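**Student:** I would like to see how this sequence folds:
(one chain, ligands or ions: 1)
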Amino acid sequence: MSEATIESILQETRRFHPPAEFSQNAHIKSLEDYQHLYDRAKADPQKFWGELAEQELHWFQKWDTVLDWQPPFAKWFVGGKTNISYNCLDRHLTTWRKNKAALIWEGEPGDTRTLTYAQLHREVCQMANVLKQLGVQKGDRVGIYMPMIPEAAIAMLACARIGAPHTVVFGGFSAEALRDRLIDVQARVVITADGGWRKDAIVPLKAQVDKALANGGVPGVENVIVVRRTEQDVYMQPGRDRWWHELQQTASADCPAEPMDSEDLLFILYTSGSTGKPKGVVHTTGGYNLYTHITTKWIFDLQDTDVYWCTADVGWITGHSYIVYGPLSNGATTLMYEGAPRASNPGCMWDIIEKHGVNVFYTAPTAIRAFIKMGDDLPKARNLSSLRLLGTVGEPINPEAWMWYYRVIGGERCPIVDTWWQTETGGIMITPLPGAIPTKPGSATLPFPGIIADVVDLEGNSVAEGGYLAVKYPWPGMMRTIYGDPDRFRRTYWEHIPPKDGQYLYFAGDGARCDKDGYFWVMGRVDDVINVSGHRLGTMEIESALVSHPAVAEAAVVGKPDELKGEDIVAFVTLEGTQSGTEELQKELKRHVVQEIGAIARPGEIRFTDALPKTRSGKIMRRLLRNLASGQEVSGDTSTLEDRGVLDRLREGA
Ligand code: PRX
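**Tutor:** Predicted structure coming up:
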């Protein structure tokens with residue numbers, strides 16, 4: 001976040017109260033109601049979560065113990081048996097919701113489809129049977145690499161139904177990145193599509209899968225299921241590749257949901273950290289189901305007549321928790337959109353809101369900033385009066401963007417929920433409850449009931465005026481471990497801050513402040529993770545990608561504040577031997593990063609240099625590079641710099 005943004009946030013005094021009419025009909029109607037829930041949860045968390053689990057979910061068998069906490073390893077609803085696909089589908093079939101729209105899909109170019117709960121259930125059962133026929137058993141991992149089409153949700157639910165953990169890989173990731181993830185989870189089956197639509201172009205997903213699997217690239221993948229989406233020609237490897245629609249045609253629609261242990265693995269989702277390769281974040285069944293269910297219900301204040309739209313991609317945690325599992329578990333109507341605003345259709349989001357009468361709209365600050373740039377005329381030309389609640393996620397929202405969203409999109413009548421959370425937390429942690437908590441532009445406000453959050457120093461002492469965001473007590477949606485690496489889990493999240501008074505603290509990796517009303521202001525990452533357009537990237541991953549190019553000797557990647565994207569990637573690169581840093585090489589290196597990771601990791605800027613600023617012990621001084629990248633004066637101590645001339649040369653180079 002830029003200094004200017006931080007300054008403007010710190011001076012923020014505006015406050016917006018929930019409209020009375022909204023509060024009257026809301027699940028949580030007042031600040032007192034919120035406070036009561038919060039206090040109750042804090043006083044006896046296990047009772048609080050246990051009661052909710054009983055009221056809100058179906059269990060084949062009730063648990064013996066709500067929480068088994070062996071820090072940092074938690075088990076929730078121990079001994080309980082449930083199935084999230086059952087909770088998302090079957091239990092609605094015996095109610096009037098059977099023929100309610102579960103999923104409304106807006107595809108590109110102009111395709112649409114609506115699936116009722118009964119229809120979705122049928123498709124999921126069939127796909128679950130297909131997976132079984134292909135030999136997928138409970139516990140086997142399935143890779144999903146899909147565009148934003150209903151089949152993505154169907155595939156996830158089918159896996160959950162038979163107890164096969166899924167790993168969804170965002171369709172924008174490269175074949176290389178896909179391969180790494182499939183290898184790490186030892187996937188048996190991959191579900192993909194011939195292609196997907198993105199901004200008037202076709203993304204060749206199947207070709208990327210072929211590349212990832214080429215030459216035994218991922219041992220163990222026996223089958224690839226391919227959805228026909230774009231109808232382009234794709235290579236189908238005999239014996240390995242099968243068409244989704246052909247398999248579905250002959251599959252039985254009778255597939256009872258497998259009773260899963262509450263702690264059985266539900267999915268693994270990869271996310272970037274400061275060090276090493278992306279980590280496989282593990283989420284399990286019962287706790288995740290409860291947490292996404294209840295956060296969706298209270299934060300998006302879902303009413304049975306609502307059309308709810310979250311614009312994320314199912315390849316990210318937001319798509320998992322708040323397009324698929326949370327809304328469907330609540331029996332809601334969830335809208336899914338394959339496209340994105342683009343020059344040829346800049347008003348598409350507002351068209352969809354008008355067309356479907358969307359009531360709840362959840363998007364990212366980076367999207368809001370792009371909407372602002374496209375001008376007020378586009379939304380103003382549409383009827384957005386169906387909207388009653390707006391949400392944001394993924395990065396800090398600057399107050400100006402918040403105000404624009406509030407005025408132009410929300411017509412000054414819709415509360416805004418700025419939701420802070422992470423892949424690791426499973427669900428939203430700090431957020432307004434829209435009928436209860438007054439909002440301040442730029443603040444995620446208060447912790448969800450049951451979440452004990454704090455801003456602390458590295459000793460674990462509360463430091464409201466600025467420190468590290470931490471969580472003090474386990475919660476049902478929390479990640480359970482890093483797939484295959486429990487030590488890394490412990491080191492990454494639980495050892496930065498030592499236990500305080502016997503209490504373990506979850507280290508989120510974000511900097512934050514807490515104001516006198518107890519409101520949280522999340523300032524951004526404090527580690528070597530950058531947030532580009534709401535996408536989380538490790539600087540080290542991008543550095544490794546750069547260094548894998550033969551021309552590159554060393555690379556150091558930092559983020560610099562960007563008006564539209566939040567942050568942009570700047571790479572400082574030294575070259576091998578006599579290579580010279582040409583414009584052509586800059587382009588080639590950008591292409592190379594895209595090929596290694598995906599377009600989301602394309603550096604905005606590559607700067608060649610003869611050396612990187614290092615300490616005498618050889619550590620790259622990133623702080624200096626961050627200063628240089630954002631055009632600021634180099635601040636702080638430079639006395640440990642080995643070669644002081646480097647700084648001057650870097651400045652000149654810029
Ligand atoms: O830095 C925080 C930022 O996004 C990070 C989590 O990224 P990811 O795991 O990809 O999940 C994104 C969607 C949940 C956090 O560590 N972040 C997320 N939401 C907010 C945010 N920063 C400020 N305000 C938010 N509302």
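
**Student:** Now do the contacts for K62.
**Tutor:** Neighbour list for K62: E54, G79, G80 [criterion: Cβ atoms under 8 Å, 6 or more residues apart in numbering]. Just so you know, the C-beta spots here come from the backbone N, C-alpha and C atoms, and that holds for glycine as well.

**Student:** from the residues you listed, which is closest to the ligand?
**Tutor:** Lowest distance from the ligand to those (Cβ to the nearest ligand atom) belongs to G80, with 26.3 Å.

**Student:** and the closest one, how many neighbours?
**Tutor:** 24 (other Cβ atoms under 10 Å).

**Student:** Please verify my assumption that it contacts G287.
**Tutor:** No. With contact defined as Cβ atoms under 8 Å, G80 does not reach G287; the gap is 9.7 Å.

**Student:** which neighbours do the two share?
**Tutor:** S262.

**Student:** Would you mark the buried spots in whichever strand or helix holds E541?
**Tutor:** Taking DSSP states H and E as the definition, E541 sits inside helix 539-547. If you call a residue buried by 16 or more other Cβ atoms under 10 Å, then helix 539-547 has these buried ones: T539, M540, E541, I542, E543, S544, A545, L546.

**Student:** elements contacting that helix?
**Tutor:** Contacts defined by 3 or more Cβ pairs under 8 Å, 6 or more residues apart in numbering; DSSP states H and E place helix 539-547 against strand 552-562, strand 566-575, helix 583-596.

**Student:** wait, which of the buried residues of helix 539-547 is closest to Q208?
**Tutor:** The closest of those to Q208 turns out to be A545 (Cβ to Cβ; 16.2 Å).

**Student:** what about the nearest residue to that closest one once chain neighbours are set aside, how many residues close to it?
**Tutor:** Distances taken as Cβ to Cβ, 6 or more residues apart in numbering put E596 closest to A545, at 3.7 Å, once the chain neighbours are dropped. Neighbour count for E596, taken as other Cβ under 10 Å: 20.

**Student:** residues from the stretch 401-550 of the chain in reach of the ligand?
**Tutor:** 418-423, 444, 508-510, 522, 524-525, 531, 536 (Cβ under 6 Å from any ligand atom).

**Student:** mind listing what the spatially most central residue of the chain touches?
**Tutor:** The residue lying closest to the centre of the chain (Cα atoms, centre = their mean) is I317, at 3.4 Å. Residues near I317 by Cβ under 8 Å, 6+ apart: L269, T271, V281, Q422, T423, G426.

**Student:** How about M374?
**Tutor:** Counting by Cβ under 8 Å, 6+ apart, M374 touches P341, P346.

**Student:** quick one: it and L134, what's the gap?
**Tutor:** The gap separating M374 from L134 is 45 Å, by Cβ to Cβ, to the nearest Å.

**Student:** Could you tell me the angle between the helix holding E541 and helix 583-596?
**Tutor:** Orientation check (axes from the mean of the first three to the mean of the last three Cα atoms, to 10 degrees): helix 539-547 against helix 583-596 gives 120 degrees.

**Student:** still on that earlier bit, which two in the contacts of I317 are spaced the farthest apart?
**Tutor:** T271 and G426 (11.9 Å).

**Student:** which of these two has more neighbours?
**Tutor:** Remark: of T271 and G426, G426 carries more neighbours, 29 against 19, as counted by other Cβ under 10 Å.

**Student:** quick one: that one and G477 touch, right?
**Tutor:** Yes. With contacts counted by Cβ under 8 Å, G426 reaches G477, the gap being 3.0 Å.

**Student:** Common neighbours of the two, please.
**Tutor:** With Cβ under 8 Å, 6+ apart as the test, G426 and G477 both reach H283, G287, Y288, Y291, T292, S321.

**Student:** would the third one count as being in a helix?
**Tutor:** Translated: Y288. Yes. Using DSSP: H, G, I helix; E, B strand; the rest coil, the assignment for Y288 is a helix.

**Student:** Relative to P45, how far out is it?
**Tutor:** From Y288 to P45 the distance is 17 Å (Cβ to Cβ).

**Student:** Who has more neighbours out of these two?
**Tutor:** Legend: neighbour count by other Cβ under 10 Å for Y288 and P45, higher for Y288 (26 against 20).

**Student:** residues contacting that one?
**Tutor:** I84, L266, Y325, G426, G427, P476, G477.

**Student:** who touches the fourth one in this structure?
**Tutor:** When contacts are counted by Cβ under 8 Å, 6+ apart, G426 is found next to H283, G287, Y288, Y291, T292, I317, S321, P476, G477, M478, M479.

**Student:** Residue of the stretch 351-500 of the chain nearest the ligand, please.
**Tutor:** Closest point on the stretch 351-500 of the chain to the ligand, by Cβ to the nearest ligand atom, is T423, at 3.4 Å.

**Student:** Near the ligand, which residues of the stretch 151-300 of the chain? Just list them.
**Tutor:** So the stretch 151-300 of the chain meets the ligand at T271 (Cβ under 6 Å from any ligand atom).

**Student:** what's the closest non-adjacent residue to the closest residue to the ligand within the stretch 151-300 of the chain?
**Tutor:** Closest residue of the stretch 151-300 of the chain to the ligand, Cβ to the nearest ligand atom: T271 (5.0 Å). Closest residue in space to T271, ignoring its immediate chain neighbours: T423 at 4.1 Å, by Cβ to Cβ, 6+ apart.

**Student:** And that neighbour, which helix or strand is it part of?
**Tutor:** T423 belongs to no helix or strand, assigned by DSSP H and E.
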